[in-house]
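> pasting the sequence and the predicted coordinates here, then a few questions.
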Amino acid sequence: MTDTTAPLAPEDAVLECVGLGKVYQEGKLRTPVFDQLDLAVAPGETVAIVGASGAGKSTMLHLLGGLDVPTAGEVYVAGQRMSKLSDAARGDLRNQALGFIYQFHHLLPEFTALENVMMPLLIGGMPVEQAVVPARELLERVGLGARLEHKPGELSGGERQRAAVARALVTRPACVLGDEPTGNLDEKTAAKVFEMMLELNRAQRTSLVLVTHDPRLARRLDRTLELTGGNLRPLPA
């Protein structure tokens, strides 16, 4: 089992942070969130991040995904040091190497399920006639083959979240970051969506880093880490 306090070499990890720290400052008010976090995620590995509300779990995910800038430390994605990249290059790397799933699906309401899932490929420059093939295939795999032309408002909550999972995986990213991805779903639907995520993880060998409050979900993953007191500590399996 990987030691969370001994990072892999950047080229051996799909996602890694070394000495990661974040402080929010407004005027003279300085609010440290955490400092000196180390984490290395191996290819195909699944990691649960747990902790109390306000511990900084979502902030950590935003930093790992390059959506926010750390106050200290470095983030490596697919071996590339995020701080050395331009904004455009960082955006390209996010699009190619990372997928994101949130508690709310964030599907674009004016587009169909198929168009929503195609969007990361189109943003990456893939022609429409090529992008439609993997998008359609993934939607069929998550049980939405008959709902391709439905817009988000015509889908159930579980269907919308399944479409969001398909969108996160359509680029075949090295790692998917999920922030309470089943938190808005009823227990039965949440279990189905989570099982589907694990199946796609195994099929594509995509790593998963999921923030969750559900201990049953956390126990299904390879490792569980608790963010507490500004530090990450491993929890027993």
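Sure, I can see it.
> what is the helix or strand of the chain with the lowest mean pLDDT packed up against?
Using mean pLDDT, DSSP states H and E, helix 187-204 stands out as the lowest-scoring helix or strand of the chain, at a mean of 81. Judged by 3 or more Cβ pairs under 8 Å, 6 or more residues apart in numbering; DSSP states H and E, the packing partners of helix 187-204 are helix 157-169, strand 175-179, strand 207-211. C-beta coordinates here come from the backbone N, C-alpha and C atoms, glycine included.
> packing partners of the longest one?
With contacts taken as 3+ Cβ pairs under 8 Å, 6+ apart, helix 157-169 sits against strand 98-102, helix 113-123, helix 128-141, strand 175-179, helix 187-204.
> buried residues, the last one. List them.
Within helix 187-204, the residues scored as buried using 16 or more other Cβ atoms under 10 Å are 189, 190, 192, 193, 194, 196, 197, 200, 201.
> check the third one too.
Judged by neighbour count (16+ other Cβ under 10 Å), helix 128-141 contains these buried residues: 131, 132, 134, 135, 136, 138, 139, 141.
> between those residues, which is nearest residue 232?
Nearest to residue 232, judged by Cβ to Cβ, of the buried residues of helix 128-141 is residue 138 at 31.7 Å.
> ok, now which ones touch that closest one?
When contacts are counted by Cβ atoms under 8 Å, 6 or more residues apart in numbering, residue 138 touches 117, 166, 169, 170.
> re earlier: so which of the helices and strands packed on helix 157-169 comes closest to residue 158?
Short answer: helix 187-204, nearest of these by Cβ to Cβ, at 3.9 Å.
> and the angle from that closest one to strand 207-211?
Orientation of helix 187-204 against strand 207-211 (axes from the mean of the first three to the mean of the last three Cα atoms, to 10 degrees) gives an angle of 150 degrees.
> grab the CA positions of helix 187-204 and hand them over as PDB.
Only the C-alpha atoms of helix 187-204 are listed here, as PDB (Å, rounded to 0.1, in the frame of the first residue of the first chain):
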ATOM      1  CA  GLU A 187     -29.100   5.900  -1.200                       C
ATOM      2  CA  LYS A 188     -30.200   3.400  -3.900                       C
ATOM      3  CA  THR A 189     -29.300   5.700  -6.800                       C
ATOM      4  CA  ALA A 190     -26.000   6.800  -5.100                       C
ATOM      5  CA  ALA A 191     -25.000   3.100  -4.800                       C
ATOM      6  CA  LYS A 192     -25.700   2.600  -8.500                       C
ATOM      7  CA  VAL A 193     -23.700   5.700  -9.600                       C
ATOM      8  CA  PHE A 194     -20.800   4.800  -7.300                       C
ATOM      9  CA  GLU A 195     -20.700   1.200  -8.600                       C
ATOM     10  CA  MET A 196     -20.600   2.500 -12.100                       C
ATOM     11  CA  MET A 197     -17.700   4.800 -11.300                       C
ATOM     12  CA  LEU A 198     -15.700   1.800  -9.900                       C
ATOM     13  CA  GLU A 199     -16.500  -0.300 -13.000                       C
ATOM     14  CA  LEU A 200     -15.300   2.500 -15.300                       C
ATOM     15  CA  ASN A 201     -12.200   3.000 -13.100                       C
ATOM     16  CA  ARG A 202     -11.400  -0.700 -13.500                       C
ATOM     17  CA  ALA A 203     -12.100  -0.700 -17.200                       C
ATOM     18  CA  GLN A 204     -10.100   2.500 -18.000                       C
END
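> all set, thanks.
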